[in-house]
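# Here is the input, now give the coordinates:
(chains A and B)
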2 protein chains.
Amino acid sequence: MEPDHAQRIHVVTRILQANDRVAEENRKRFTSAHVRAINLISSPGAGKTSLLEATLSRLRGQKKAAVIVGDIATTRDAERIAPSGVPVVQIMTEAFGGSCHLEASTIRQALDQIELTGLDLLFIENVGNLVCPAEFDLGEQAKVAILSVTEGEDKPLKYPLAFRVADLVLLSKVDLVPHLRIDMDKLREHVRRVNPKARVIELSVETGAGMDDWMAWVMN
Amino acid sequence: MEPDHAQRIHVVTRILQANDRVAEENRKRFTSAHVRAINLISSPGAGKTSLLEATLSRLRGQKKAAVIVGDIATTRDAERIAPSGVPVVQIMTEAFGGSCHLEASTIRQALDQIELTGLDLLFIENVGNLVCPAEFDLGEQAKVAILSVTEGEDKPLKYPLAFRVADLVLLSKVDLVPHLRIDMDKLREHVRRVNPKARVIELSVETGAGMDDWMAWVMN
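Below is the predicted model:
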C-alpha cells in the first residue's frame, strides 16, 4: 500500500459526499422547474452527439430542451448542437484539471447560464468515458448508458458500473452489425446480467432504427 | 471552488509524484533486463486485445513476450491471451477501488509474477479509457495510443493528452471505413496537429492491413 493510500481514500470519500450534496440541490431545482434531466454516459465515439442532433431535431415544436456538453478540450460538440437552436452550455474540463467526468458542482455552475423555467428536457452529455462518469451523481432524473456495437459484446461485464447505474441502455450503431464479428445475443445477455431492470433499446442514428422507441422514452 | 479543491489538488500532485518515482524504478528494471515495455492506451473496444492476440501469434519463435492486462472487472482479456502461451498477469482494478487506469505501483506488483530475465517484450494493456491512463507513467519505454476509426475523426482533438504522450498512434479497424461517415484525411490531420512527431500506422487485425508495419515497429 502506498503511503498516500489512506489519505487518498479519505479525500475521495469526501469528494463523493460533497458531490452527492450538490447533486441533491440540482435535483430539487430540476424537480421544482418540472425539467427532466438525462445524463448520457458512454465511451468516446459511441455516438452521443449524433444522437442528440437527431433527438433535438425530432423534439422541435414539441418539447423545449437544453443541452450541457462536457468535454476535456474543444467546443466541437457544442458547435454541432448549436444549429438545432436550443440553449447549449459547453463545459471544458481542462479548466478543472482535465477532469475525466462531470461533477454535480460543474452542472450547478452551468445552470447559471440556462433558464430552467419553461424547459421540459435537459440533456447532459458527459465526457466520453465509460468508467469515471458512472461514479458521479449529477442530480439527473435518469442515466443512459450508450454502448456502440463496434466496442464488442464483453463490455457490460468489463465496465459494469456504467450499466448497473443506467435506467436505459442504448446499443448504438446497430447498422454496422453485418460488418462486425459480434454476437448480439451475448451482448443482450451481458447487459441483462449486469442490470436485469434496465430498459434496452437497439438504435442506429444512420438508419433511424430504434429512434421511435428512444423518443417515446425521452418524452415519457 | 469547492472546499476540498485545494486539498484535492495537493493529494493529486503527491500521487503523481509518488507514481513517477515508482515508474522510474520499473523503467530501470526493464532497461537492465533488456525488456521493451509497451503501454497500450485506448477507449474500450478499440481492439487492444485482438491486436495483442495477432501480435503474439506473429512473435512466436522470434521474440519472448509477456503481457500485463488491466481491467476493472473480469479476467476475460487474460483468458483470450492465455492460449498464446505467453505469461499473462491480469490486474483487476476493482481491488483498487475500481481504478480507471493502471499505476506504476500496480505494475511493480504484477512484476512479482513475471520473470524479466530472457524476456524481449512486455505488453501492458491499460484499462479501456482514453483519458486517465495517459496521465500515469508506468515506466514503459513506449506508449501507443489506439483509436478505432469507428470513434470519429474529432477524437484526437477532444482527448488530446493520450495522443500527445504517444510514441505511436494506431488507427484501428480501418476495414470498416467504407461503412462509416469518416473523413480519414481530417483524422490524420487531427493526429498530426496534436502530436506532429508520432508515427502513425493504419491497421486492421481483420484484414491484416498495416500489421507488417506494426510488427516492424514492435521488433525495433
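# longest helix of chain A?
Assignment by DSSP state H gives helix A:5-32 as the longest helix of chain A.
# tell me what that helix is packed against?
strand A:36-42, helix A:104-111, helix B:5-32 (3 or more C-beta pairs under 8 Å, 6 or more residues apart in numbering or on different chains; DSSP states H and E). From N, CA and C alone the C-beta is placed, and that goes for glycine too.
# most neighbours per residue, which of these?
strand A:36-42 (a mean of 25; mean count of other C-beta atoms under 10 Å in any protein chain shown).
# Distance from the chain centre to it, please.
Taking C-alpha atoms, centre = their mean, to the nearest Å, the mean C-alpha location of strand A:36-42 is offset from the chain mean by 4 Å.
# Report how many residues lie close to A:Asp137.
Other residues lying near A:Asp137 total 19 when counted by other C-beta atoms under 10 Å in any protein chain shown.
# Pull up the gap between it and A:Thr13, please.
14 Å (C-beta to C-beta, to the nearest Å).
# Check A:Ser42 too.
Summarising the geometry, the distance separating A:Ser42 from A:Thr13, computed by C-beta to C-beta, is 27 Å.
# Also A:Gln62?
Per C-beta to C-beta, A:Gln62 is found 43 Å from A:Thr13.
# Ok, A:Met211 next?
The span separating A:Met211 from A:Thr13 equals 41 Å under the rule C-beta to C-beta.
# where do the strands sit along chain A?
Counting by DSSP state E, the segments of chain A that form strands are A:36-42, A:65-71, A:88-92, A:121-125, A:142-148, A:168-172, A:199-202.
# quick one, which of those is nearest to chain B?
Nearest of these to chain B, taken as C-beta to the nearest C-beta: strand A:65-71 at 5.5 Å.
# Parallel or antiparallel, which strands does that closest one pair with?
Each strand that strand A:65-71 pairs with, and the sense of that pairing, follows from DSSP bridges: strand A:88-92 (parallel), strand A:121-125 (parallel).
# how far is it from where the chain is centred?
For strand A:65-71, the separation from the chain centroid amounts to 10 Å (computed by C-alpha atoms, centre = their mean).
# So what's the model's average confidence on that strand?
Model confidence over strand A:65-71 averages 96 on the pLDDT scale.
# go on, stretch A:160-168?
Computed over stretch A:160-168, the mean pLDDT rounds to 97.
# Restrict that stretch to CA atoms and write it as CSV.
Output for stretch A:160-168, consisting of C-alpha atoms alone and laid out as CSV, is shown next (Å, rounded to 0.1, in the frame of the first residue of the first chain):
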residue,chain,number,x,y,z
PRO,A,160,-20.1,-2.9,-15.1
LEU,A,161,-20.8,0.3,-13.1
ALA,A,162,-22.0,2.4,-16.1
PHE,A,163,-24.5,-0.3,-17.0
ARG,A,164,-25.5,-1.0,-13.4
VAL,A,165,-26.5,2.6,-12.7
ALA,A,166,-28.3,3.1,-16.0
ASP,A,167,-32.1,3.4,-16.3
LEU,A,168,-31.8,2.9,-20.0
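# Report the buried residues of it.
Neighbour counts over stretch A:160-168 (16 or more other C-beta atoms under 10 Å in any protein chain shown) mark A:160-163, A:165-168 as buried.
# Show the contacting residues for the closest residue to A:Ala162 other than its chain neighbours.
Residue nearest to A:Ala162 in three dimensions, not counting chain neighbours: A:Ala134, with 4.1 Å by C-beta to C-beta, 6 or more residues apart in numbering or on different chains. Contacts for A:Ala134 (C-beta atoms under 8 Å, 6 or more residues apart in numbering or on different chains) come out as A:41, A:143, A:145, A:161-162, A:164-165.
# One more pass at 10 Å, please.
By C-beta atoms under 10 Å, 6 or more residues apart in numbering or on different chains, the contact list for A:Ala134 reads A:39, A:41, A:101, A:126, A:143, A:145, A:159-166, B:98, B:100.
# Then A:Arg76?
Residues touching A:Arg76, when contacts are defined by C-beta under 10 Å, 6+ apart, comprise A:49, A:69, A:90, B:154, B:157-158.
# between these, which has the most around it?
Taking other C-beta under 10 Å as the neighbour criterion, A:Val69 ranks highest of those with 27 neighbours.
# ok, it to B:Leu138 distance?
From A:Val69 across to B:Leu138, the span is 32 Å (C-beta to C-beta).
# Please work out which helix or strand belonging to chain A has the smallest mean pLDDT.
Sorted by mean pLDDT, DSSP states H and E, the helices and strands of chain A end with helix A:5-32, the least confident at a mean of 86.
# what angle separates that one from strand A:36-42?
When axes from the mean of the first three to the mean of the last three C-alpha atoms, to 10 degrees is applied, the directions of helix A:5-32 and strand A:36-42 differ by 140 degrees.
# right, and A:Arg164 touches A:Arg192 too?
No. Under the contact definition of C-beta atoms under 10 Å, A:Arg164 does not touch A:Arg192, with a separation of 11.8 Å.
# where do the contact lists of the two overlap?
Any residue near both A:Arg164 and A:Arg192 by C-beta under 10 Å, 6+ apart counts here, and that gives A:156, A:198.
# can you list the helices and strands packed on helix A:5-32 in JSON lines and add distance to B:Lys197?
What follows is the helices and strands packed on helix A:5-32, written out as JSON lines (distance: least, C-beta to C-beta, whole Å):
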{"stretch": "strand A:36-42", "distance to B:Lys197": "31"}
{"stretch": "helix A:104-111", "distance to B:Lys197": "33"}
{"stretch": "helix B:5-32", "distance to B:Lys197": "20"}
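# residue closest to the middle of chain A?
The C-alpha lying nearest the average C-alpha coordinate of chain A belongs to A:Leu40 (C-alpha atoms, centre = their mean; 1.1 Å).
# Let's see the pLDDT reported for it.
Residue-level confidence at A:Leu40 comes out at 98, pLDDT.
# Next up, the contacts around it.
For A:Leu40, the contact set (C-beta under 10 Å, 6+ apart) comprises A:46-49, A:51-52, A:67, A:69-70, A:123-126, A:133, A:140, A:142-146, A:168, A:170.
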